[in-house]
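Trainee: Got a predicted structure here, sequence first:
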There are 2 protein chains.
Amino acid sequence: MASTSSLTLSQALLAPAISHHGSAQSSDHHRLSLSTPSLPSFSGLKSTSSIPLATSSVRRRLAARQQIQIRAAAVETLDATAETSLVEKSVNTIRFLAIDAVEKANSGHPGLPMGCAPMGHILYDEIMRYNPKNPYWFNRDRFVLSAGHGCMLQYALLHLAGYDSVKEDDLKSFRQWGSRTPGHPENFETPGVEVTTGPLGQGIANAVGLALAEKHLAARYNKPDNEIVDHYTYVILGDGCQMEGIANEVCSLAGHWGLGKLIAFYDDNHISIDGDTAIAFTESVDKRFEGLGWHVIWVKNGNTGYDEIRAAIKEAKAVKDKPTLIKVTTTIGYGSPNKANSYSVHGSALGAKEVDATRKNLGWPYEPFHVPEDVKKHWSRHVPEGAAFEAEWNAKFAEYEKKYKEEAAELKSIITGELPAGWEKALPTYTPDSPAEATRNLSQTNLNALAKVLPGLLGGSADLASSNMTLLKMFGDFQKDTPEERNVRFGVREHGMGAICNGIALHSPGLIPYCATFFVFTDYMRAAIRISALCEAGVIYVMTHDSIGLGEDGPTHQPIEHLASFRAMPNILMLRPADGNETAGAYKVAVLNRKRPSILALSRQKLPNLAGTSIEGVEKGGYIISDNSSGNKPDVILIGTGSELEIAAKAAEELRKGGKAVRVVSFVSWELFDEQSDAYKESVLPEAVSARVSIEAGSTFGWQKIVGAKGKAIGIDRFGASAPAGKIYKEFGITVEAVIAAAKEAS
Amino acid sequence: MASTSSLTLSQALLAPAISHHGSAQSSDHHRLSLSTPSLPSFSGLKSTSSIPLATSSVRRRLAARQQIQIRAAAVETLDATAETSLVEKSVNTIRFLAIDAVEKANSGHPGLPMGCAPMGHILYDEIMRYNPKNPYWFNRDRFVLSAGHGCMLQYALLHLAGYDSVKEDDLKSFRQWGSRTPGHPENFETPGVEVTTGPLGQGIANAVGLALAEKHLAARYNKPDNEIVDHYTYVILGDGCQMEGIANEVCSLAGHWGLGKLIAFYDDNHISIDGDTAIAFTESVDKRFEGLGWHVIWVKNGNTGYDEIRAAIKEAKAVKDKPTLIKVTTTIGYGSPNKANSYSVHGSALGAKEVDATRKNLGWPYEPFHVPEDVKKHWSRHVPEGAAFEAEWNAKFAEYEKKYKEEAAELKSIITGELPAGWEKALPTYTPDSPAEATRNLSQTNLNALAKVLPGLLGGSADLASSNMTLLKMFGDFQKDTPEERNVRFGVREHGMGAICNGIALHSPGLIPYCATFFVFTDYMRAAIRISALCEAGVIYVMTHDSIGLGEDGPTHQPIEHLASFRAMPNILMLRPADGNETAGAYKVAVLNRKRPSILALSRQKLPNLAGTSIEGVEKGGYIISDNSSGNKPDVILIGTGSELEIAAKAAEELRKGGKAVRVVSFVSWELFDEQSDAYKESVLPEAVSARVSIEAGSTFGWQKIVGAKGKAIGIDRFGASAPAGKIYKEFGITVEAVIAAAKEAS
């Protein structure tokens, strides 16, 4: 994954959304609002006759939309049977697109799409509001397939709905090199896919983040006369997601926060990979979710009970103060005469024989990948309707902008991701005379300074706010009844916290979520952090207590291998600032990298402000903070990060007193340094100088690359210990004396 | 952490337990059984007069024990008031030992010990069966402080109970360098502490593992006339543990498995670090646990309701088919007039002033660390009683051994950890003519071969048994009603799985748990794996689908940085075998390393059996599989691991055809190679040969150490992709051609 740190790229991707917002400014805005909760949604089925919607102006589209609603109602009354048969045909189209794509790839998961096609159809065809031609339209309903292995369900739906990202050829190249239909849903590959799922439980957590973002933005920006933020978040999750601890974490929070517009479909099919769920999963999910504060509905016939599903959604929408779990009992692989309701249909192609049998069983005479004309026609309305949805919203936004100029500008920056001009001037700077401070405290200064200029900055800690120093002092807590506030209280739920932040980040380009715990507990949330990196979610991970320097809590709390473990991870920035200027620099980098997450490793203990550190230096990843050599030929180069840069600087002073030419390099981010030009790298770490000593209170793993075969890496390759920090540093040899000795030996 | 791979060391540590088993053989065995569930436990309080228990023979100890029971009953009836005051005195002793130790260290968590002292007292003084002078006695009740930050509670209890590991001086050196009373409970530092806790949720998961082990061993070895395995597992967990996803995972399993002898105390104090739990934790824990299949009891007054606590435990023991959660509502920091019931008492010393105020408030006139004489006397019975418990059990075991020779030998090997002689002969061997096989399949062959000779081998997968190939074919599933079986079905709960295995491993030295998922999902369970490494639990992690070679599932499922991330972790073996012999070698190493966990990275795809691979080679970590050079001076050294060793071997063949002297090195475990002599290392990777090429389908991070500045590391420093495996290998340049090109460039 090439690093995509530039803002420009991020904005380029979002160009469609941005241009639409632009056009909204000139459109008619005295229109029926589509986005008030009381407005009827597209639940009706409409005639299959062609609808004259392909007009160009917003005004006409809206007029047409009103016409559709009327028609739909008429059709429902007059010809319900025909319509139900069409629904069934559409549902079977979804099933066979999944079956055929998996068959062609000879790889994939047909079982879930076959079982969940009915709820998928109802969601995408009857319930959700979206614009296929602009998958980034801000006010769209969000859909997350938490059971990501069933991605052919979503690809089939995107295809029918008219998304350009999933054409017939894309279905035919399912799971192939370079296709837009990879093996699990990936937002960075397939416009229309909101988040990246597959690792179980992540999707429901992302969805909680999406719903949180909606509730938060609605609370901040909606006005009694203009509810400009208003969408639902829908999820499908399976037994696997339900078993994962992360799902319980985030569902507990969703209940606590009262995320009424989060509606989760639990595909209750009793089958997991190892067989019947009875072998490992006999809890009462209903009771647990009631305990978590959710509204729970059971749809007993998810295979053909279309009206049951519709009624459940209606009921879910009526419950506004609780998220809803709709338990939909389905048959995995529904329609396959010999494999339905068995684990064999979960994760393998049916095989030609069983595909034939299924075609016969469901009465499906068509060739692979065929979408019957009436189904095609039926779905074709979503392109014009989607355009109308967006146009209407644009009009509404224009009205909003006229009346609420300041709020509109803020919301726009959240929608587009464009950072306010001059925001970086808010970053604090320091001199060596500034008082010593723990970088966790400096981090709080930065967060509070940035919250004033970045409207999309919000976040919090996993029950360590007062240790991680993450409270935004001018804001209250995001809670059920105060969702406009920006301090999020995640409780002791690190994994859920990270994945919720992924959801927030992917909701809107200008939302900048941060989250915090002790650095060592990145182990609890590593799966979510990796997905941040993969799905290009610019989450800021504020990770304090970043070494043995935390002292008495001992080895369970002292990170050792964590810096190395993240340096090895693709598309993530591991930053370990040493003082005030470097902490500010780390925040500058983190805010600018909207498509790459950043981890800030911060000290518990106080650190002096060092001469030579700078924000600009941090942006280069590695840079010289002091040097008494000339001609780029120091006798020795001392390299430190974070709290150990001070040790390197002190050792340099001593060595210089002894006549040595010593360069001190701060190596705050390996990834950023790697991206510099060869000339710059040579200017910092000249190849000819092999006398190099690194010092970092963590694993030396990987440092050989920096210090070379003749250099020495001072670090810790064992677990830590429980004692005051100073004592541990001394006992573990992370000292000025050790650096001096190593420097003398090397040079 | 120095590597402690030798079996000898493990056995040395367990010498006391072993010697007691020895003595059991000659002891009297016609005795009242202490271990049947119906036997009354030590719930009575006994007279403070001195008890003549310090006798030497087992017979006398048992006689004395019976006498105590009678006395206790008498005292209870006659002098309940005095006794309650003594209980309160004991409880306050626990509180002040915690207060004083935290105060002296000026670091730690006084709040939990002050609130949980009553349940702690009742457990250790009235309920639990243990032998302070042999903390490793096999049939002891297990206690786990899942809320590990409150470790002073446990240290105080161990001190009062007479454990040698926590003397007064140890309390005084709480959280200091080299002390046996570190900042969180660590089994490897403090005999009497069962597992390592602190990272929240791990302890309750370990406890589920301990309870599983008990249920399993009881089912396998108990006889109608001799229930030789019979103990309870007690846990204290707090709000923090309850919020963690891992806790829900394992409690769901505990309910599913019906672990009736698991009794968990939930310290319901409504305070977490960030303040009132109402800010992030408003779910109904009771309802959730009922949903999870637990029996739930609420003790409303955990501060002084001794009888309520006792009654709850009695009730919990009566429910034999479900684990029990006793929700004990307490006041954090109980007794502190100004800090009780606030987060300020959670994680900091009270301060001299508040300590004084608390002393006054609770009427505690004593000096710091003082244990009043009557309290000391009261607790003094646990040393002789514990010896009697063990002696009686030893007698029982002797009887068992007489009658059930085979079972006794097996159980003994589980208790002692002594591997059966010649076990390693069960390992399969291969030749280059053996058919190609995925190492995940080879792994299953090994597991099934080993299960026949290692009675303590048991485990399973997180719902991927048929992909991870972990089923033991001759056994059924460990389930509620078939607990004697050895295939454990963990469901999709990776984190819980790892931590449960830690509990199993630490239950008995001869239990060898293995667990499995896709290698990439080690991210879900990394916190548990790290604790395996820290707490010296020799869990075998069977991690399949170990690279882009898994193909179509795509980047969410393809590990990249994972090998590097574990190579950086202390005290763990990262093994990546290349074929049949190497897989057998990896299992040999994993089984022998009982105090160091092993991770086996295994392929999804078929791999040929290579010439030159061997079990012995694996034991050295890195070794030569083929070489056409002489004088330890190859032109180039090709280094591969796992599935890429084949590529290195093929490239070598080509290069040799071109006249090059090429050595091929299998680098299956960096950690094991690091432990070899300098001479051996030089014989494999001679310093003079700088032309080195490594190939591994993972991050190149760290490989510079092996290939040197002039060498080349071929690997993948981006996320993977969704496509058939062969295609991805080719597109990513993990090919024979790439190795040949790099070798030519380097040599």
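Mentor: That came through fine. Here the structure is a predicted model, which is why all the values come from computation and not from measurement.
Trainee: how many neighbours does the nearest residue to residue A:220 once chain neighbours are set aside have?
Mentor: The shortest distance from residue A:220 to any non-neighbouring residue, by C-beta to C-beta, 6 or more residues apart in numbering or on different chains, is to residue A:484 (4.8 Å). (Glycine included, C-beta is placed from N, CA and C.) As a burial measure, residue A:484 scores 16 neighbours (other C-beta atoms under 10 Å in any protein chain shown).
Trainee: my guess is residue A:484 contacts residue A:222, does it?
Mentor: No - contact status for residue A:484 versus residue A:222: not in contact, 9.7 Å apart, counting by C-beta atoms under 8 Å.
Trainee: Would you mind splitting chain A into its domains for me?
Mentor: Using the TED database, the domains assigned to chain A come out as A:85-385, A:423-601, A:623-746.
Trainee: now the angle between helix B:245-257 and the helix or strand hosting residue A:255, please.
Mentor: Using DSSP states H and E, residue A:255 falls within helix A:245-257. If you take axes from the mean of the first three to the mean of the last three C-alpha atoms, to 10 degrees, helix A:245-257 sits at 110 degrees to helix B:245-257.
Trainee: Would helix A:245-257 count as contacting chain B?
Mentor: Yes - against chain B, helix A:245-257 shows contacts by C-beta under 8 Å from any C-beta of the partner chain at A:245, A:246, A:247, A:248, A:249, A:252, A:253, A:255, A:256.
Trainee: Make JSON lines from those residues and add neighbour count and pLDDT to it.
Mentor: Below are the residues of helix A:245-257 next to chain B laid out as JSON lines (neighbours: other C-beta atoms under 10 Å in any protein chain shown; pLDDT from 0 to 100):
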{"residue": "A:245", "neighbour count": "29", "pLDDT": "98"}
{"residue": "A:246", "neighbour count": "33", "pLDDT": "98"}
{"residue": "A:247", "neighbour count": "29", "pLDDT": "98"}
{"residue": "A:248", "neighbour count": "30", "pLDDT": "98"}
{"residue": "A:249", "neighbour count": "32", "pLDDT": "98"}
{"residue": "A:252", "neighbour count": "30", "pLDDT": "98"}
{"residue": "A:253", "neighbour count": "30", "pLDDT": "98"}
{"residue": "A:255", "neighbour count": "25", "pLDDT": "98"}
{"residue": "A:256", "neighbour count": "20", "pLDDT": "98"}
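Trainee: Quick one: name the residues of the stretch 551-700 of chain A near chain B.
Mentor: Proximity of the stretch 551-700 of chain A to chain B is confined to A:551-557, A:560-561, A:564-565, A:567-571, A:699 under the rule C-beta under 8 Å from any C-beta.
Trainee: and if we set it to 6 Å?
Mentor: Residues of the stretch 551-700 of chain A lying close to chain B (C-beta under 6 Å from any C-beta of the partner chain) are A:552, A:553, A:554, A:555, A:556, A:561, A:564, A:565, A:568, A:569, A:570, A:699.
Trainee: Filter those residues down to the ones in helices?
Mentor: Using DSSP state H, the members of those that fall within helices are A:564, A:565.
Trainee: tell me the two of the residues of the stretch 551-700 of chain A next to chain B that are most distant?
Mentor: Within these, A:552 and A:570 form the most distant pair, 35.5 Å apart (C-beta to C-beta).
Trainee: Among the residues of the stretch 551-700 of chain A next to chain B, which one sits closest to residue B:526?
Mentor: Minimum distance to residue B:526 across these is 8.5 Å, recorded for residue A:565 (C-beta to C-beta).
Trainee: Contacts only, for residue A:582.
Mentor: Counting by C-beta atoms under 6 Å, 6 or more residues apart in numbering or on different chains, residue A:582 makes contact with A:613, A:618, A:668.
Trainee: Is it correct that it falls within a helix?
Mentor: Yes - per DSSP: H, G, I helix; E, B strand; the rest coil, residue A:582 lies within a helix segment.
Trainee: which element is residue A:455 on?
Mentor: For residue A:455, there is no enclosing helix or strand under DSSP H and E.
Trainee: Distance of it relative to chain B?
Mentor: The gap separating residue A:455 from chain B is 24 Å, by C-beta to the nearest C-beta, to the nearest Å.
Trainee: Tell me if I'm right that that residue and residue A:409 touch.
Mentor: No - with contacts counted by C-beta atoms under 6 Å, residue A:455 stays clear of residue A:409, the gap being 9.0 Å.
Trainee: The two: who's more crowded?
Mentor: Neighbour count, other C-beta under 10 Å: between residue A:455 and residue A:409, residue A:455 has more, with 23 against 13.
Trainee: returning to what we had before: now list the buried members of the residues of the stretch 551-700 of chain A next to chain B.
Mentor: Taking 16 or more other C-beta atoms under 10 Å in any protein chain shown as the criterion, what is buried in those is A:552, A:553, A:554, A:555, A:556, A:561, A:564, A:565, A:568, A:569, A:570, A:699.
Trainee: ok so, going back, ranking the domains of chain A by burial, who's on top?
Mentor: Highest mean neighbour count of those: domain A:423-601, a mean of 25 (counted as mean count of other C-beta atoms under 10 Å in any protein chain shown).
Trainee: now chain A, which segments are flagged as low pLDDT?
Mentor: Scanning chain A for pLDDT under 70 picks out the ranges A:1-82.
Trainee: Who are the contact partners of the residue of it found nearest chain B?
Mentor: Closest contact between chain A and chain B, by C-beta to the nearest C-beta, is at residue A:245 (2.3 Å). Contacts for residue A:245 were tallied using C-beta under 6 Å, 6+ apart; they are B:245, B:246, B:248, B:249, B:495.
Trainee: And the furthest pair within those?
Mentor: Longest distance between any two of the contacts of residue A:245 is 10.1 Å, between B:248 and B:495; criterion C-beta to C-beta.
Trainee: Would you tell me which residues of the stretch 51-200 of chain A are close to chain B?
Mentor: Proximity of the stretch 51-200 of chain A to chain B (C-beta under 6 Å from any C-beta) is limited to residues A:107, A:175, A:176, A:177, A:182, A:183, A:184, A:198, A:199, A:200.
Trainee: Can you classify the fifth one as helix, strand or coil?
Mentor: Pointing back at residue A:182 there. coil.
Trainee: That one touches residue B:554, doesn't it?
Mentor: Yes - between residue A:182 and residue B:554 a contact is recorded at 4.6 Å, counting by C-beta under 6 Å.
Trainee: Would you enumerate the residues in contact with the closest residue to residue A:707 other than its chain neighbours?
Mentor: Leaving aside its sequence neighbours, residue A:707 sits nearest to residue A:692 (C-beta to C-beta, 6+ apart; 4.3 Å). Residues in contact with residue A:692 (C-beta under 6 Å, 6+ apart) are A:637, A:707, A:711.
Trainee: hmm, who's touching the helix or strand residue A:646 falls within?
Mentor: Assigned by DSSP H and E, residue A:646 belongs to helix A:645-657. Contacts to helix A:645-657, defined as C-beta under 6 Å, 6+ apart, come from residues A:578, A:607-608, A:610, A:628, A:638, A:640, A:662, A:664, A:666, A:695, A:736, A:739-740, A:743.
Trainee: Any residues of the stretch 251-400 of chain A in contact with chain B? List them.
Mentor: The stretch 251-400 of chain A comes close to chain B at residues A:252, A:256, A:272-274, A:279-284, A:287-288, A:290-293, as judged by C-beta under 6 Å from any C-beta.
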